[in-house]
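Q: Got a predicted structure plus its sequence, pasted below:
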Amino acid sequence: MSDGTKIEWTDATWNPITGCAIVSPGCTNCYAMKLAGTRLQHHPSRAGLTRDSKAGPVWTGEVRFNEEWLTQPLSWKRPRMIFVCAHGDLFAEGVPDEWIDKAFAVMALAPHHIFQVLTKRAERMREYLTTPMRQYKISAAQLDLHGNIASPGIWPHLPLPNVWLGVSVEDQKRADERIPILLDTPAAIRWISAEPMLGPLDLDKDGAVNDDSGRSYLRSWGRNDFYSRGLDWVVAGGESGTGCRPAHPHWIYSLRDQCAAADVPFLFKQWGNWIVASEENGHTDSAMATNDAIWLDLDGRQAKPSCDGMREPIGMFRVTKSRAGRLLAGVEHNGYPPLPAHFTKEAAV
């Protein structure tokens, strides 16, 4: 847990639950997994949550409840955006509902903060939030916390207005699996994180929600209620770290343009460790035979050094994350959904 973080779209991280399991390609180079198996492997919150493999630390599927950190957001008086379970998944398979109830109890008690929940388990999240009597169970969890908090309970009307629910979507397959379920989940704000972006995403295509309505993931499609809106926020980014995979620039620019056309806030987090070969960036196609270069096609295929059979290959060079930066055509994209009157991103930094 950290009051302060280098993650570009949030202000702090809160880890009442740690541990996870690999469920899709976006998990392969998970920074939290590698950290839990290296620098934090002996910390009580991480010990035993990973096993060694030839590829490095891998989640075991075990999860841990860190009760000593549960009420930490209540001590932060200045409004913050808080990434929930940055080193795990609030809705992971081994997490009992009672733990989630406690996390939601704290979030309800801290309406001055914005809590950003991100999961790869969209079905579990929907099931949890649509279970009858859920708000009563969260209220009961608040009563259990009474001895640890100075303020009385706040009745948890669902969906909580200060909780943003999101899903990770690294490619079109995962987008088509997870976003429709997210849009069927009651939430004040719904968002996606396309990081690491491993393929193109079409969020505004006809029939994107896999029914006959022709509605898209980005646009509202009828009644003015929690179930009629499209996505409220889109975050995207490339991958960084050991073994990181490059993101094709066309994927990023297309997603930016889709959000602009639908008037959906867009935040570009980072290019990661890869940058386009160009004179401007100090690299040219003629240098593509070097060890730090690849050809990347629109469908994500990589080749080195030949590009035979590729549709639209582009040269990419591996550089530091800071060198790659987060500019798109010279512009930094920091879009957010509308914030409460008492809260501004600048005030939270």
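A: Right, received. Where do you want to start?
Q: Which parts of the stretch 51-200 of the chain are strands?
A: The residue ranges that make up the strands of the stretch 51-200 of the chain, judged by DSSP state E, counting those that start in this stretch, are 58-59, 64-65, 81-84, 114-119, 163-168, 189-194.
Q: Could you dump these into a markdown table and include distance to Ser322?
A: Any C-beta I mention is one placed from the backbone N, CA and C, and that applies to glycine too. A markdown table is the format used below for those (distance: least, C-beta to C-beta, whole Å):
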| stretch | distance to Ser322 |
| --- | --- |
| strand 58-59 | 28 |
| strand 64-65 | 33 |
| strand 81-84 | 21 |
| strand 114-119 | 24 |
| strand 163-168 | 24 |
| strand 189-194 | 21 |
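Q: between those strands, which gets nearest to Ala293?
A: Distance to Ala293, taken as C-beta to C-beta, is lowest for strand 189-194 among the strands of the stretch 51-200 of the chain, at 24.5 Å.
Q: Which strands or helices does the helix or strand just after that closest one pack on?
A: Toward the C-terminus, strand 189-194 is succeeded by strand 233-236 as the next helix or strand (DSSP states H and E). Counting contacts by 3 or more C-beta pairs under 8 Å, 6 or more residues apart in numbering; DSSP states H and E, the secondary-structure elements packed against strand 233-236 are strand 163-168, strand 189-194, helix 249-262, strand 266-268.
Q: Ala141 is nearest to which of the ones you listed?
A: Each of the helices and strands packed on strand 233-236 was scored for nearness to Ala141 using C-beta to C-beta, and the closest is strand 163-168 (14.7 Å).
Q: export the strands of the stretch 51-200 of the chain to TSV and tack on distance to Lys102, mean pLDDT and mean neighbour count?
A: Compiled in TSV, these are given as follows (distance: least, C-beta to C-beta, whole Å; pLDDT from 0 to 100; neighbours: other C-beta atoms under 10 Å):
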stretch	distance to Lys102	mean pLDDT	mean neighbour count
strand 58-59	22	98	22
strand 64-65	8	98	20
strand 81-84	12	98	24
strand 114-119	13	98	24
strand 163-168	14	98	25
strand 189-194	22	98	24
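Q: Which among those is found nearest to Ala92?
A: Shortest distance between Ala92 and the strands of the stretch 51-200 of the chain, using C-beta to C-beta, is found for strand 114-119: 8.1 Å.
Q: other SSEs contacting that closest one?
A: When contacts are defined as 3+ C-beta pairs under 8 Å, 6+ apart, strand 114-119 packs onto strand 81-84, strand 163-168.
Q: mind checking which of those is nearest Val95?
A: The nearest among those, by C-beta to C-beta, is strand 81-84 at 12.1 Å.
Q: ok, Ala261 - contacts?
A: Contact partners of Ala261, counting by C-beta atoms under 8 Å, 6 or more residues apart in numbering, are Asp204.
Q: Below-threshold pLDDT in the stretch 101-250 of the chain: ranges please.
A: For the stretch 101-250 of the chain, the stretches with pLDDT under 70 are 146-154, 205-215, 221-228.
Q: Any figure for the gap between the most centrally placed residue in the chain and Val235?
A: Closest residue to the average C-alpha location of the chain: Ser193 at 4.0 Å, with C-alpha atoms, centre = their mean. Ser193 is 5 Å from Val235, where distance means C-beta to C-beta, to the nearest Å.
Q: joint contacts of these two?
A: Common contact partners of Ser193 and Val235 (C-beta under 8 Å, 6+ apart): Gly166.
Q: What count of nearby residues applies to Ala32?
A: Taking other C-beta atoms under 10 Å as the criterion, the count of residues near Ala32 is 23.
Q: so which of the helices and strands packed on strand 233-236 gets nearest Asp202?
A: Closest to Asp202 of those is helix 249-262 (C-beta to C-beta; 7.6 Å).
Q: what comes up buried for the closest one?
A: 249, 251-252, 254-256, 258-259, 262 (16 or more other C-beta atoms under 10 Å).
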